[in-house]
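Asker: this one's sequence-less:
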């Protein structure tokens, strides 16, 4: 881990700490950096999924049909694409 001296916006830091539930500047900054990175990764993945769906590469009806991928009872394993 590197050590860097930077000027921080105290109000923004305090607001971020409240939102993130952190108590130290270090934890707030590190958590905020991780959260931002994760958020942008999720946004890119969502955009890729939208693009695939628009191109017909994803069957959204199948993905949204929970009965197609969730077992209905103990030991039940649904077969992919099987008609019921």
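Answerer: Looks like it arrived, so ask away. Everything numeric in this text was worked out from a predicted model, so none of it was measured.
Asker: How is the residue positioned nearest the centre of the chain assigned, secondary-structure-wise?
Answerer: By C-alpha atoms, centre = their mean, the mean C-alpha position of the chain lies nearest to residue 42, the distance being 4.7 Å. Taking DSSP: H, G, I helix; E, B strand; the rest coil as the rule, one finds residue 42 in the helix state.
Asker: gap between it and residue 57?
Answerer: Going from residue 42 to residue 57 by C-beta to C-beta, to the nearest Å gives 19 Å. For every residue, glycine as well, the C-beta is placed using N, CA and C.
Asker: again, but for residue 40
Answerer: 23 Å.
Asker: Just the endpoints, please. Distance across stretch 2-19?
Answerer: This stretch, stretch 2-19, spans 25 Å end to end (C-alpha to C-alpha, to the nearest Å).
Asker: and if you look at stretch 49-61?
Answerer: Length of stretch 49-61, first residue to last, C-alpha to C-alpha: 14 Å.
Asker: and it, average pLDDT?
Answerer: Averaging pLDDT along stretch 49-61 yields 85.
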